[in-house]
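Novice: sequence and computational prediction follow.
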Amino acid sequence: MLAPMERTMALTGKFSETPFTDLVQFYASSRQTVAVTVSLPDGRGEDGVFYIEDGDIVDAWLGDAVGRDAVRRAIRLADGCFRIEPDIYAAERTITEPLRQLLLEQVVQPGRPSSQRPPRRPGA
């Protein structure tokens with residue numbers, strides 16, 4: 001059995017109060033290693049896990065989406081709950097891009113692939 005000082009507690013919360021982007025940016029900037037387990041409001045339980053190691057998102061799945069696609073879906077979450085567990089490592093690496101790049105992609109064109117961007121109008 002662990003001594004009281006060695007126990008770790010999981011942090012829980014709601015995406016309606018703490019957006020996914022704020023959550024992962026906090027753990028990235030503090031260079032922590034955590035697993036973020038996501039439960040969506042449909043009540044089916046665990047719907048995804050995001051692994052952050054030393055501040056980098058290295059693996060993710062949400063529903064049937066894996067890697068970058070899972071992160072893109074999570075950025076749009078408005079409902080659901082999360083559970084943060086420290087010092088949990090991914091079994092594999094499905095994401096190689098920096099978190100900043102993944103977040104910027106969504107800010108520039110949320111939900112639209114670059115091939116579907118409308119043409120720029122002169123003077124716009």
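Specialist: Cool, the structure landed. Residues are numbered from 1 along each chain as shown.

Novice: can you find the helix or strand of the chain with the lowest average pLDDT?
Specialist: Here the helix or strand of the chain ranked lowest by mean pLDDT, DSSP states H and E is helix 99-108, holding a mean of 79.

Novice: residues making contact with that helix?
Specialist: With contact meaning Cβ atoms under 8 Å, 6 or more residues apart in numbering, helix 99-108 is reached by 21, 24-25, 28, 55-57, 68, 71-72, 75-76, 95. For the C-beta atoms, the positions are set from N, CA and C on the backbone; glycine is no exception.

Novice: what's the answer for stretch 49-68, then?
Specialist: 24, 27-38, 47-48, 70-74, 88-95, 97-99, 102.

Novice: which among those residues end up buried?
Specialist: Among the contacts of stretch 49-68, those classed as buried by 16 or more other Cβ atoms under 10 Å are 24, 27-28, 33-38, 47-48, 70-74, 88, 90, 94-95, 99, 102.

Novice: in strands, which of those appear?
Specialist: V34, A35, V36, T37, V38, D47, G48 (DSSP state E).

Novice: and the residues you listed, which is closest to S16?
Specialist: Nearest to S16, judged by Cβ to Cβ, of those is V38 at 13.2 Å.

Novice: mind checking pLDDT for G43?
Specialist: Per-residue confidence (pLDDT) for G43: 63.

Novice: nope, A91 is what I was after
Specialist: A91 is given a pLDDT of 96.

Novice: just the one 4 residues further on next, same as before
Specialist: Per-residue confidence (pLDDT) for I95: 96.

Novice: correct me, but it touches D69?
Specialist: No: the criterion here is Cβ atoms under 8 Å, and I95 misses it with D69 at 10.1 Å.

Novice: for I88, what are its contacts?
Specialist: T33, V34, A35, Y51.

Novice: swap in S30?
Specialist: Counted by Cβ under 8 Å, 6+ apart, S30 has contacts G55.
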